[in-house]
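Trainee: Sequence and predicted model, in that order:
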Amino acid sequence: MQIKELFLKIRNTSYLYIILIIGVAIMLLSGKRAEPEHPPSDTFAFSEEERLEEILSEIDGIGRVDVMVTYYTSQKKDLAFEKKTSQRTASQGSEKDEEKTVVLSDGSPFVLREIYPEVKGVVVLADGARDAQVRKSIHDAVVTAMDIAAHRVCILY
């Protein structure tokens, strides 16, 4: 009965609007979530950059290293599908209906293969890249590790 009495006491609707606005604001603020640093679709690229940074940091004289890898497309997965074909015969001829459904394994789609994206280019920022020998070592390591053409690698210091 307390709520009913409260509404009877509040005759001015401006108080109701204020309460309503505060309630909506609380709901909106509680619904916001911090986004992850790297979205799930970007985890492949992020892990490749981390691995390359680890490898390059082992080169003598390289110092601090940052790597950025760009791709033409994102990682794709080929899923398994099950085709069900039904045929109906009518007076005017026969009709085929085809239904495709994703094959599930333990509740998740069954992946036939993963298609990794083609690398567009690699940028390496390294403190020790001022030295020509270190720069050549970085260049050779990136070209070999990423299996890309030499002109797709940019090394900065």
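Mentor: All right, it came through fine. The structure displayed is predicted, hence computed values, not measured ones.
Trainee: Can you show me the strands along the chain?
Mentor: Along the chain, the segments classed as strands by DSSP state E run 65-71, 76-79, 81-90, 93-102, 104-105, 108-109, 111-115, 119-126, 153-156.
Trainee: which ones are touching the closest residue to Gly61 other than its chain neighbours?
Mentor: Nearest non-adjacent residue to Gly61, counting by C-beta to C-beta, 6 or more residues apart in numbering: Gly128, 4.4 Å away. The C-beta positions use only the backbone N, C-alpha and C, and glycine is treated the same way. Contact partners of Gly128, counting by C-beta atoms under 8 Å, 6 or more residues apart in numbering, are Ile59, Gly61, Ile62, Gly63, Val134, Tyr157.
Trainee: Quick check: which of the strands of the chain is nearest to Glu54?
Mentor: strand 65-71 (9.0 Å; C-beta to C-beta).
Trainee: Can you verify my assumption that Arg130 contacts Tyr157?
Mentor: Yes: Arg130 sits in contact with Tyr157 when judged by C-beta atoms under 8 Å, with a separation of 5.0 Å.
Trainee: Settle it for me: which of those two has more neighbours?
Mentor: Shown here are Arg130 and Tyr157; by other C-beta atoms under 10 Å, Tyr157 has more neighbours (14 against 11).
Trainee: Which pLDDT value belongs to that one?
Mentor: We have a pLDDT of 89 for Tyr157.
Trainee: can you check Asp60 too?
Mentor: 91.
Trainee: how about low-confidence regions in the protein?
Mentor: Along the chain, the model assigns pLDDT under 70 to residues 1-16, 31-46, 90-91, 93.
Trainee: so where's the longest helix in it?
Mentor: If each helix of the chain is counted by residues according to DSSP state H, the longest one is helix 13-31.
Trainee: Pull the CA coordinates from that one and hand them back as CSV.
Mentor: Provided in CSV are the C-alpha atoms of helix 13-31 (Å, rounded to 0.1, in the frame of the first residue of the first chain):
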residue,chain,number,x,y,z
THR,A,13,3.3,15.0,-12.8
SER,A,14,6.7,16.6,-13.0
TYR,A,15,7.8,14.4,-10.1
LEU,A,16,6.7,11.4,-12.0
TYR,A,17,8.7,12.4,-15.1
ILE,A,18,11.8,13.0,-13.0
ILE,A,19,11.4,9.5,-11.4
LEU,A,20,10.9,8.0,-14.8
ILE,A,21,14.0,9.6,-16.3
ILE,A,22,16.1,8.5,-13.4
GLY,A,23,14.8,4.9,-13.8
VAL,A,24,15.6,4.9,-17.5
ALA,A,25,19.0,6.3,-16.9
ILE,A,26,19.8,3.6,-14.3
MET,A,27,18.6,0.9,-16.7
LEU,A,28,20.8,2.3,-19.6
LEU,A,29,23.9,2.6,-17.4
SER,A,30,23.5,-0.9,-16.0
GLY,A,31,23.2,-2.4,-19.5
